[in-house]
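Participant: Give me coordinates for this.
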Amino acid sequence: MPDAGRIIAGTARGIRLDAPGEGTRPLADRVKETLFGILEGAGLAPWPAPFLDLFAGSGAGGIEALSRGAPRATFVERDRRAVTVIATNLARARLSQGATIVGRDAIGFLQEAPEVAGAFGAVLLDPPYGDATLLPALERLAEPGARWLAEDAVVVAKHFWRDAPPPRVGGLVTARSRRFGDTALTFYIRGADQP
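Facilitator: Numbering: from 1, shown residues only. Here you go, the predicted structure:
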């Protein structure tokens, strides 16, 4: 089975994760390290926080969050093979108890009222490169009254560096960004004038 890297830190540090298949782009260790370094230490929002992993793939983002103390993580992934891999990776890391796996399309999931208890303090969006779902997903998260996000939530979009999402999406504004070769992370927080 293809490799999705390892858990970088926390209670499951060092455990290797499987990837669903050759066609996936697992969250690279260097990207994970920077992502969580910013979530934990940049003061953008409180950490640990409930974590939403959209377009979850191997589940590496949400599993890293659980390992680093997130009280719960929800994984949204439409591919059945990937859903099975997420469950296997969670079991291997002994982190299944705080996890919810939703086997469906991320946009469809976000169009409904939240099916999970409570809002999320951190969200990772990692759609396939070239897929047109990143902006609609950001717009759904940013909708007033959507109740997906905690008041001080951070939303992180992983994308091809040339396909950067807009600096403002609804009530979300870019707080910072980082580039790693072809991959980039854009961090959003609520704008000062937003509830």
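
Participant: where do the helices sit along the protein?
Facilitator: Counting by DSSP state H, the chain has helices at residues 29-41, 60-67, 80-93, 106-110, 134-142.

Participant: Would you format those as JSON lines with mean neighbour count included?
Facilitator: To be clear about C-beta, it is placed using only N, CA and C from the backbone, and glycine gets the same treatment. Shown next, in JSON lines, are these (neighbours: other CB atoms under 10 Å):
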{"stretch": "helix 29-41", "mean neighbour count": "17"}
{"stretch": "helix 60-67", "mean neighbour count": "29"}
{"stretch": "helix 80-93", "mean neighbour count": "19"}
{"stretch": "helix 106-110", "mean neighbour count": "19"}
{"stretch": "helix 134-142", "mean neighbour count": "20"}
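
Participant: Which of those sits closest to Gly191?
Facilitator: Among the helices of the chain, helix 134-142 comes nearest to Gly191, with 9.6 Å by CB to CB.

Participant: now Gly181: how far from Asn89?
Facilitator: Counting by CB to CB, to the nearest Å, the separation of Gly181 from Asn89 is 25 Å.

Participant: could you measure Pro71 against Leu185, distance?
Facilitator: 23 Å.

Participant: Of these two, which one has the most company?
Facilitator: Counting neighbours by other CB atoms under 10 Å for Pro71 and for Leu185 shows that Leu185 has the greater number, 20 against 13.

Participant: can you list the helices of the chain in JSON lines and add mean pLDDT and distance to Arg176?
Facilitator: Converted to JSON lines, these look like this (pLDDT from 0 to 100; distance: least, CB to CB, whole Å):
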{"stretch": "helix 29-41", "mean pLDDT": "93", "distance to Arg176": "7"}
{"stretch": "helix 60-67", "mean pLDDT": "98", "distance to Arg176": "18"}
{"stretch": "helix 80-93", "mean pLDDT": "97", "distance to Arg176": "28"}
{"stretch": "helix 106-110", "mean pLDDT": "94", "distance to Arg176": "23"}
{"stretch": "helix 134-142", "mean pLDDT": "95", "distance to Arg176": "16"}
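
Participant: between those, which one is nearest to Ala122?
Facilitator: Among the helices of the chain, helix 29-41 comes nearest to Ala122, with 5.8 Å by CB to CB.

Participant: other SSEs contacting the closest one?
Facilitator: In terms of contacts (3 or more CB pairs under 8 Å, 6 or more residues apart in numbering; DSSP states H and E), helix 29-41 is packed against strand 3-6, helix 60-67, strand 149-160, strand 172-180, strand 183-190.

Participant: could you point out where the chain is predicted with low confidence?
Facilitator: Residues of the chain meeting the criterion pLDDT under 70: 1, 22-24, 113-117, 192-195.

Participant: tell me the centre residue of it?
Facilitator: In the chain, the residue lying closest to the centroid (CA atoms, centre = their mean) is Leu124, at 2.0 Å.

Participant: Show me what that residue bridges to in the sheet.
Facilitator: Asp53, Val156 (DSSP bridges).
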